[in-house]
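S.K.: here's my sequence, what's the structure:
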Amino acid sequence: MNTRLFLVYLLISLLASIGLGQNVNWNLTGAGARAEGFGGAFIGVADDATAIVWNPAGLTQLERTEVSAVGQYISETSEFKSELPNNKYTVSTTQSHFNFNFASLAVPFTMAGTNVVVAVAYQSQLDFFSKERDQQSETESDGAANAVTPGIAIRLSPVFSIGATTNVWFGSFESTTKYTSGPYQGDVDVMKPSFSGLNFGAGVLIDFGGLSNPIPVKLGASFKTPFTLKADVDYSSTSPSSSSSAKINWETEMPLMVGIGASVLIGENLTLAADYEMRMFKDKKTTYSYGGFTFTQPLSASNEDLNQFQVGAEYLIVTRAGVIPLRGGFRTVPTVRANYSWNRDSLQYYPTDQVGGKGYSAGTGFISSSFALDFAYSHEQYDEQKWTDAGGTDFTNNYAFDRFSLSLIVYF
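M.R.: Okay, the predicted model is just below:
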């Protein structure tokens, strides 16, 4: 391999490991501590300002102007183990950070006797915060791919509502790798991708509570169009004796996303909800290009879709001062990770099945006539990821995270 080709390979391999190798959550979903407390089962509920990113049709349930903001504190733990007989070691990582996740403004009004709501939201979609290390290097990343989302919802009848959104993607992150030992000791590599993209969303909501003989059931569906998430990447490398720079093009094929949900109100205080979301990641790829060379890798290592089931409940305790909600939820957690098996003919690991996991959440808050303050805690644990050879285990990787969400909605 000539020197230039080798450098290109190193460059793109580093970017690939930064972009897809860390714990980026590709389960793109909505926002808000209330929805988090429901376990993410919110498509068939969607009755507050966060509806714009869950099911925009649900915005028609708003009766007053709402302003909302959501912050999250995320704590992650991972443990990578080598079980190779002549090279056993363990790398454990714990990291935490704050993420300003969401903000929105929603304004309802009446036009020709029809309920209409216009809204705009900001959401942190892909969080690239990471601190990782191995035997030869340390990597730190910070930043996100974000979206600004204007939307509109219209109630066409007492039962049926529709909504639509436009998602304008932007944002950036910076990743710095410092080589602490080995042949590149003393080198520092810096990657700075800047994102752009555009896609559209739509939703429908059927509220049987609007019938002349009301039934306390709501059905919802949401859709997000596929698109290409692009990034212009500035790369620089410095060593004790030299420095270099380059520009790389990064394109990720983002899939069609479809979700369906239902909720039922039992009595006046208990709501049960369930969602099923499908993210069509199969055959989607990320492509890196530099200097006439192109490197492509599957976005989902197992080449499977990310399909997710979510259930949740909310019980309202009504007091003189206000309402205290109690919430709980459960979700399955598909990932873009895969398990791997060693092929002794080609001397490579090949992906086999998808790595999944489970998540649990609980939440509470306080609701008054002028504001709603919500808090949620969720825990997600991935199944153990394995690299195997002839039935034996070479490597394992375990990952879990805890997320604390706090949201405030102010009514006008």
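S.K.: per-residue pLDDT, V318?
M.R.: In this model, V318 is scored at 97, pLDDT.
S.K.: report the helix or strand with the lowest average pLDDT across this structure.
M.R.: Taking mean pLDDT, DSSP states H and E as the measure, the helix or strand of the chain with the lowest value is helix 3-20, at a mean of 55.
S.K.: need the next SSE after that helix, C-terminal direction.
M.R.: Downstream of helix 3-20, the next assigned helix or strand under DSSP states H and E is helix 33-37.
S.K.: can you list the residues that contact that following helix?
M.R.: 41-42, 45, 48, 50, 54, 70, 312, 314, 325, 327-329, 361-365, 372, 374-376, 378, 403, 405-407 (CB atoms under 8 Å, 6 or more residues apart in numbering). Glycine gets a C-beta too; all of them are placed from N, C-alpha and C.
S.K.: rerun that using 7 Å as the cut-off
M.R.: 42, 48, 50, 54, 70, 327, 329, 361-363, 374-376, 378, 405-407 (CB atoms under 7 Å, 6 or more residues apart in numbering).
S.K.: just the ones in strands from those, please.
M.R.: Within the contacts of helix 33-37, residues falling in strands by DSSP state E are 70, 327, 329, 361-363, 374-376, 378, 405-407.
S.K.: filter these down to the buried ones, PyMOL style.
M.R.: To isolate the buried members of the ones in strands among the contacts of helix 33-37 in PyMOL, using 16 or more other CB atoms under 10 Å:
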select buried, resi 70+327+329+361+362+363+374+375+376+378+405+406+407
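S.K.: from the ones in strands among the contacts of helix 33-37, pick the one nearest N27.
M.R.: Nearest to N27 out of these is S378 (CB to CB; 12.4 Å).
S.K.: confidence score at the closest one?
M.R.: Per the predicted model, pLDDT is 97 at S378.
S.K.: hang on, it packs against G363?
M.R.: No - using CB atoms under 7 Å as the test, S378 is too far from G363 to be in contact (8.5 Å).
S.K.: chain center to stretch 149-161, what's the gap?
M.R.: Once both centres are worked out by CA atoms, centre = their mean, to the nearest Å, stretch 149-161 turns out to sit 25 Å from its chain's centre.
S.K.: circling back: can you redo the ones in strands among the contacts of helix 33-37 as a markdown table with distance to G220?
M.R.: Listed next are these as a markdown table, based on distance: CB to CB, whole Å:
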| residue | distance to G220 |
| --- | --- |
| V70 | 20 |
| R327 | 18 |
| G329 | 16 |
| S361 | 20 |
| A362 | 23 |
| G363 | 20 |
| D374 | 20 |
| F375 | 24 |
| A376 | 20 |
| S378 | 21 |
| S405 | 21 |
| L406 | 25 |
| S407 | 20 |
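S.K.: average pLDDT across the strand ranked longest in the chain?
M.R.: Using DSSP E, we find that the single longest strand of the chain is strand 89-111. Average pLDDT, strand 89-111: 93.
S.K.: can you state the direction angle for the helix or strand that comes right after that strand and strand 89-111?
M.R.: For strand 89-111, the following helix or strand on the C-terminal side (DSSP H and E) is strand 114-127. Comparing the axes of strand 114-127 and strand 89-111 via axes from the mean of the first three to the mean of the last three CA atoms, to 10 degrees yields an angle of 160 degrees.
S.K.: tell me which residues in the helix or strand harbouring F170 are buried?
M.R.: Using DSSP H and E, F170 sits in strand 160-179. Neighbour counts over strand 160-179 (16+ other CB under 10 Å) mark 161-165, 167, 169, 171-173, 175-179 as buried.
S.K.: do stretch 366-376 as well
M.R.: Per 16+ other CB under 10 Å, stretch 366-376 contains these buried residues: 367, 372-376.
S.K.: identify the residues contacting that stretch?
M.R.: Residues outside stretch 366-376 that contact it (CB under 7 Å, 6+ apart): 33-34, 36-37, 322-325, 361, 363-365, 405-411.
S.K.: to the chain's geometric centre, what's the distance from it?
M.R.: 25 Å.
S.K.: now swap in stretch 349-361 and tell me
M.R.: Distance, centroid of stretch 349-361 to centroid of chain: 15 Å (CA atoms, centre = their mean).
S.K.: where does the chain have low pLDDT?
M.R.: For the chain, the stretches with pLDDT under 70 are 1-23.
S.K.: where's the residue lying closest to K224 once chain neighbours are set aside relative to R34, distance?
M.R.: Spatial nearest neighbour of K224, excluding adjacent residues (CB to CB, 6 or more residues apart in numbering): M257 at 4.2 Å. Going from M257 to R34 by CB to CB, to the nearest Å gives 21 Å.
S.K.: the two - which one has more neighbours?
M.R.: Between M257 and R34, R34 has the larger neighbour count (other CB atoms under 10 Å), namely 28 against 21.
S.K.: run the chain-centre distance for stretch 238-252.
M.R.: Stretch 238-252 has its C-alpha centroid displaced from the chain centroid by 28 Å (CA atoms, centre = their mean).
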